[in-house]
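Colleague: just coords:
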């Protein structure tokens, strides 16, 4: 492109290229582009530094990436044409929330309050989503309170991330309270709203509540997506209703819609989770008849399940099928299978037990 007569070095082009390299994990190439940009006579601006910070944060060494991001951030504050904007703060706030660094998040919020930039819905959603995914409910609620005090109205994404976060922690009273607030707001539920509630009720073996959510969804004239059906299949699997899960699966297969391999894998997982490896094997054999080509994920979940169940005959059969389909297992494939085997012979799970302690319904949830 540089050899074309019409080419003129432009910050926008470099910013986009740095961003693309960052998303591909090519941090060194992103840094080379940054140097090349300056050598070509361009003066970096805020958008270029934002792209460079994002590129570093996409690298595998998160601790080092965060250190580098802070260096760039401080450098930006010392240059008039590169002052951090709300995009800069949003990138950094989310990254530090993902790394569970509450102190740095609070420091950045304080810095933001003193700057000319103003937080927006993306600021709060990014941090709350990161905290929620990390199970940091109190910190998530603290950010929600901050959002309310700044008169920032929640959007559908806000409601969905709160519903999903409370659901995953099995804080269903709070989850239901947020859902009611959503129904009374100007926003509307989306399919991910219902899908999240269905699967999280399922993981808690609350079948009736999950079915009630699905009924509510249908009554509100929403059409289930393949993810909704997968959520239902998983839910029934968690609730020991394997026949009902298979009924949903067969309904999808007979509907005329294209069967997704992910839906196929979910049904296999239900069989394996419920100690039915022979049924899983039968379903695998029927893959071609329902237009499914098993993928690596298919074989991985079956290999782990057969290993855990010590089903040597099924393992040998599975390896032959993998070879036939051109699936070559790597080191990670076997290590995960070994982990499954060791977990089956180790001590019972204890990490998922609930303490039974909960706080009263917080005012913060009345959104």
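Modeller: Cool, got the structure. What you see is a predicted model, and the numbers here were worked out from it, not measured in a lab.
Colleague: C-alpha from now on. contacts and neighbour counts both.
Modeller: Fine.
Colleague: Could you report the distance from residue 79 to residue 13?
Modeller: Note on residue 79: its distance to residue 13, by CA to CA, to the nearest Å, is 21 Å.
Colleague: Nearest the geometric middle of this protein, what residue?
Modeller: Nearest to the mean C-alpha position of the chain, by CA atoms, centre = their mean, lies residue 133 at 7.7 Å.
Colleague: quick one: which helix or strand includes the residue nearest to that one when sequence neighbours are not counted?
Modeller: Of all residues not flanking residue 133 in the chain, residue 165 sits nearest, at 6.5 Å (CA to CA, 6 or more residues apart in numbering). Under the criterion of DSSP states H and E, residue 165 resides in helix 156-168.
Colleague: where does the stretch 1-150 of the chain have low pLDDT?
Modeller: Counting by pLDDT under 70, the stretch 1-150 of the chain shows low-confidence ranges at 1-11.
Colleague: 90 - rerun?
Modeller: Low-confidence segments of the stretch 1-150 of the chain (pLDDT under 90): 1-45, 59-60, 80-81.
Colleague: residue ranges of the helices in it, please?
Modeller: With DSSP state H, counting those that start in this stretch as the criterion, the stretch 1-150 of the chain has helices at 11-23, 27-39, 46-57, 62-77, 86-98, 102-113, 121-133, 137-149.
Colleague: Confirm for me that residue 127 is in contact with residue 93.
Modeller: Yes - contact status for residue 127 versus residue 93: in contact at 6.3 Å, counting by CA atoms under 8 Å.
Colleague: buried ones in stretch 41-49?
Modeller: 42, 44-49 (16 or more other CA atoms under 10 Å).
Colleague: Next, residue 153: secondary structure please.
Modeller: Secondary structure, DSSP: H, G, I helix; E, B strand; the rest coil: residue 153 is coil.
Colleague: now it: how far from residue 121?
Modeller: From residue 153 to residue 121 the distance is 8 Å (CA to CA).
Colleague: more neighbours, these two?
Modeller: With neighbours defined as other CA atoms under 10 Å, residue 153 and residue 121 compare such that residue 121 has more, 15 against 11.
Colleague: now that one, nearest residue through space, not along the chain?
Modeller: Counting by CA to CA, 6+ apart, the nearest residue to residue 121 once its immediate chain neighbours are dropped is residue 152, at 6.7 Å.
Colleague: for residue 68, what are its contacts?
Modeller: With contacts defined as CA atoms under 8 Å, 6 or more residues apart in numbering, residue 68 is in contact with 53, 56.
Colleague: Relative to residue 79, how far out is it?
Modeller: Distance, residue 68 to residue 79, using CA to CA: 17 Å.
Colleague: Reformat the helices of the stretch 1-150 of the chain as TSV; add distance to residue 323.
Modeller: Listed next are these as TSV, based on distance: least, CA to CA, whole Å:
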stretch	distance to residue 323
helix 11-23	33
helix 27-39	36
helix 46-57	38
helix 62-77	37
helix 86-98	39
helix 102-113	48
helix 121-133	37
helix 137-149	46
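Colleague: Pick the most buried one from these.
Modeller: Scoring the helices of the stretch 1-150 of the chain by mean neighbour count under mean count of other CA atoms under 10 Å gives helix 46-57 as the most buried, with a mean of 24.
Colleague: what distance separates that helix from the middle of the whole chain?
Modeller: Remark: helix 46-57 is offset 22 Å from the chain centroid, using CA atoms, centre = their mean, to the nearest Å.
Colleague: what's it in contact with?
Modeller: With contact meaning CA under 8 Å, 6+ apart, helix 46-57 is reached by 11-12, 14-16, 18-19, 21-23, 25-27, 30-31, 34, 65-66, 68-69, 72, 76, 81-85, 87-88, 91, 95.
Colleague: One more: stretch 104-115?
Modeller: Contact with stretch 104-115 is made by 89, 93, 96-97, 118-119, as judged by CA under 8 Å, 6+ apart.
Colleague: hang on, the earlier thing: ok, now which ones touch the residue nearest to residue 133?
Modeller: Residue 165 sits next to 129, 132-133, 135, 137 when contact means CA under 8 Å, 6+ apart.
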